[in-house]
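Colleague: Mind folding the following:
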Amino acid sequence: MKRIHPEFAYQSRELGIQIEDTLGEPPDRKNYQRVVQALLDEFANGAEIDDVNLLSFALAENLQFDDVAGLLAAGQQYDEGDAAKVVKMISTGHEATAAALTSVFSGNPELVRKAIITAFLFKNNKRWTDEDHSLDALQAEEDKENAENEDNEEMAGTEDIQQLFDSRGDDNA
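Modeller: Modelled structure (predicted):
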């Protein structure tokens, strides 16, 4: 299991919530498809919507993820990455999806990179792990920090004691 950047984990969870909310209860696939198509049309027509989740929402159903290992590796960095390389890791036979990708990539390749990785992580959520934010993990981290601080305090105390016995000051050369 690969660890991914916390922001990608967050975006992936948010995408799942958006999709669930759009599908509704009971799931309305027709409404969902209308929303996806409307988003694809907006992006293809050059709408400057700078939102990772909206673009990943539009793309998720129509992408094939051809390089799983590459996409997992790309998911480790949120703010940096090679957008052109990530685009080469996917394919689509869906005309509107291809048009949306082309249009957005020409103006904002970084948005496309993030949206593709987010959609991939959403569709493949069993292949990656997020940082552990459980109470046990937080307590272990706090214990580790406290132990390091105590070690540093002991070292500082030792240096102070040594100076008490240094009767000649800095003339010890």
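Colleague: what does the domain assignment say about this structure?
Modeller: 2-129, 132-173 (automatic domain parsing).
Colleague: Tyr32 and Val87, how far apart?
Modeller: 25 Å (Cβ to Cβ, to the nearest Å). Any C-beta I mention is one placed from the backbone N, CA and C, and that applies to glycine too.
Colleague: Same question for Leu23.
Modeller: 28 Å.
Colleague: What separation do you get for the nearest residue to Ile90 once chain neighbours are set aside and Leu72?
Modeller: Nearest residue to Ile90 in three dimensions, chain neighbours excluded: Leu63, at 5.0 Å (Cβ to Cβ, 6 or more residues apart in numbering). Taking Cβ to Cβ as the measure, Leu63 falls 15 Å from Leu72.
Colleague: in the protein, which spans are strands?
Modeller: Secondary structure of the chain (DSSP state E): strands at 2-3, 64-65, 90-91, 128-129.
Colleague: rank those by pLDDT, which is bottom?
Modeller: Across the strands of the chain, strand 128-129 has the smallest mean pLDDT, namely a mean of 62.
Colleague: so where's this protein shaky on pLDDT?
Modeller: Scanning the chain for pLDDT under 70 picks out 1-2, 126-141, 151-173.
Colleague: for it, what spans make up the helices?
Modeller: Assigned by DSSP state H, the helices in the chain fall at 6-23, 29-44, 52-59, 68-74, 83-87, 95-107, 109-123, 135-164.
Colleague: want to throw those helices into CSV with mean neighbour count?
Modeller: Putting the helices of the chain into CSV (neighbours: other Cβ atoms under 10 Å) gives the following:
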stretch, mean neighbour count
helix 6-23, 16
helix 29-44, 16
helix 52-59, 24
helix 68-74, 17
helix 83-87, 16
helix 95-107, 17
helix 109-123, 24
helix 135-164, 10
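Colleague: which ones are touching Tyr78?
Modeller: His5, Pro6, Glu7, Phe8, Lys114 (Cβ atoms under 8 Å, 6 or more residues apart in numbering).
Colleague: Kindly recompute the last result at 7 Å.
Modeller: By Cβ atoms under 7 Å, 6 or more residues apart in numbering, the contact list for Tyr78 reads His5, Glu7, Phe8.
Colleague: can I assume the last one is in contact with Ile117?
Modeller: Yes - Phe8 lies in contact with Ile117 (Cβ atoms under 7 Å); the separation is 6.0 Å.
Colleague: anything in contact with each of those two?
Modeller: By Cβ under 7 Å, 6+ apart, Phe8 and Ile117 have these common neighbours: Gly75.
Colleague: Distance check, Asn45 against Ala73.
Modeller: Distance from Asn45 to Ala73, by Cβ to Cβ: 33 Å.
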